[in-house]
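Participant: give me a model of this one.
(one chain, ligands or ions: 1)
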Amino acid sequence: MATLPTFRTRIAPTPSGYLHIGNAYNFLLVHRWAQVMSANRAATSIRLRIDDLDQERVRPEYLRHTFDLLAALEIPIDLGPKDVADHLSHYSQRDRLSAYQLLLDLAMDQGLVYACRCSRRTVAALVNEQGITGQTLPTDSIHCPCVAQQLHPDHEDNCLRLMPTKWDQVLQAMAQQQQKSTPSEDISDPITAPGDDISAMPPVLRRRDKLPAYHITTLVDDETHQITHIVRGQDLWPSTILQQYLATWLNLPHFSKIHFWHHGLIRNEAGEKLSKSAGANKTPWLPSSNELKWLREQALDCHFDAQ
Ligand SMILES: [Zn+2]
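Facilitator: Okay, the predicted model is just below:
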């Protein structure tokens, strides 16, 4: 029987806009880590997983651009779709809805989630009421009235959120880990600092339209693919902590053991994240030879753990 590679990573773009230089940087770091591990004699594989569940925002030209960018970066993909048609026929997340639902069912059975009908406006008012607006890391989660009301999860107005008591545990873990690390602006530093404000309102795990949230799809996909190493931007550090807790509570043995490496973000001249800056996702960007050279140098500068 063939043995599985010991380093299994993935590139997981969301084609809700054209990818930008920040995505290219992330992909090159994934590739670089695989090269470092390979030099240490680990068998490695890079999977392409396209997060296309949000069909309202995904467009064929964005999908095509994902493959064009990977080709321009010369990143070899070992597993996953070879092109747009292959993706649509065999790899769409739409085909895995039942697997995502199974994990959500498990979360419901274990009492990890509650049905919430609060609108965005209600949530904003609750956050305001508790006087925690503007804090990067809230210390206590919000208990909205829905928790006690035990609303029906399938009602059309209701999403599913993580239980506030569980969100408190995650927030505490974030605070502890944050104390241990020194945030840095160096884009090549492995840092653990939240890139965005984190809401005191527990995160949504199933949306109002009954589609699984990003945390659920990534848990199921990475668990199924037995991913061992993930490279992410520092803005996803809070998601990592949450997902690690969810993996433990939901007993996902592979995800619980994943090694994470968070990198700094390439920002525009105004200091904004590229994903949030106007125009970054509006044109099908491909790197110039100078940009490619610069990006490769940045990736070479990174020091990955050889584990
Ligand atoms: Zn609510």
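
Participant: the closest residue to the ion within the stretch 201-307 of the chain: what's it in contact with?
Facilitator: With C-beta to the ion as the measure, the residue in the stretch 201-307 of the chain that lies nearest the ion is residue 201; the distance is 8.3 Å. C-beta here means a position set from N, CA and C on the backbone, and glycine is covered the same way. Contacts of residue 201 were listed using C-beta atoms under 8 Å, 6 or more residues apart in numbering, and they are 118, 123, 126, 127, 141, 142, 144, 161.

Participant: out of the residues you listed, list just those in helices.
Facilitator: Secondary structure assignment by DSSP state H places 123, 126, 127 of the contacts of residue 201 in helices.

Participant: what number of residues lie near the nearest residue to the second one once chain neighbours are set aside?
Facilitator: Read it as residue 126. Distance criterion C-beta to C-beta, 6 or more residues apart in numbering; nearest residue to residue 126, sequence neighbours excluded, is residue 142 at 5.1 Å. Other residues within reach of residue 142 by the criterion other C-beta atoms under 10 Å amount to 20.

Participant: switch to numbering from 30
Facilitator: From this message on, residue numbering opens at 30, which makes the last subject residue 171.

Participant: pull the contacting residues for residue 171.
Facilitator: Applying C-beta under 8 Å, 6+ apart to residue 171 gives the contacts 152, 155, 156, 159, 193, 229, 230, 231.

Participant: JSON lines for the residues you listed, including pLDDT?
Facilitator: JSON lines is the format used below for the contacts of residue 171 (pLDDT from 0 to 100):
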{"residue": "152", "pLDDT": "90"}
{"residue": "155", "pLDDT": "88"}
{"residue": "156", "pLDDT": "82"}
{"residue": "159", "pLDDT": "75"}
{"residue": "193", "pLDDT": "97"}
{"residue": "229", "pLDDT": "89"}
{"residue": "230", "pLDDT": "93"}
{"residue": "231", "pLDDT": "95"}
